[in-house]
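Asker: quick one, fold the following:
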Amino acid sequence: MKGMVVHPYHPLLRLPILACLFLLLYVGIFTKRGLLDWRRMVQQDESLTVRIRQLKLEKEKLTRRIEALQSDPIEQQYLIRQTLGYVRGDEIVIEFD
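Answerer: Below you'll find the model as predicted:
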């Protein structure tokens, strides 16, 4: 058979090779730890990073508030007046029904 091109792969070998390729592609994309799961984890990591940053800012704000309440008499007086309704002796209280 001179001049005929013979394929190195027998036609019956192509099917298992293609099946393996599709299986690897499926596993790489759709299974746990695949591409889709990786993208979900990256998005979750970004949102958690933003939330951590927000919580750190809130913690700093609350820490400053605590320090002010511990050391500043004006802040202490304001808190007592707001939460407990205290008034000084020389003040007039007007109540609305």
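
Asker: okay, now residue 52: neighbour count?
Answerer: Neighbours of residue 52 under the rule other CB atoms under 10 Å: 10. C-betas here are computed from N, CA, C, even on glycine.

Asker: same check on the one 10 residues further on?
Answerer: Other residues lying near residue 62 total 10 when counted by other CB under 10 Å.

Asker: do you know the pLDDT at it?
Answerer: In this prediction, residue 62 carries a pLDDT score of 97.

Asker: what packs against the host helix or strand of it?
Answerer: Per DSSP states H and E, residue 62 falls inside helix 35-71. Under the contact criterion of 3 or more CB pairs under 8 Å, 6 or more residues apart in numbering; DSSP states H and E, helix 35-71 touches helix 11-30, helix 73-84.

Asker: residue 54: which of these is closest?
Answerer: helix 73-84 (24.3 Å; CB to CB).

Asker: look up how far residue 55 lies from residue 66.
Answerer: Separation of residue 66 from residue 55 (CB to CB, to the nearest Å) stands at 16 Å.

Asker: please disregard the earlier target; I meant residue 97.
Answerer: 42 Å.

Asker: higher neighbour count, these two?
Answerer: residue 55 (10 against 2).

Asker: who are the contact partners of the more buried one?
Answerer: With contacts defined as CB atoms under 8 Å, 6 or more residues apart in numbering, residue 55 has no neighbours.

Asker: any low-confidence regions in the chain?
Answerer: Across the chain, the ranges flagged by pLDDT under 70 are 1-11.

Asker: most centrally placed residue in the protein?
Answerer: The centroid of the chain falls nearest to residue 48 when counting by CA atoms, centre = their mean (2.2 Å).
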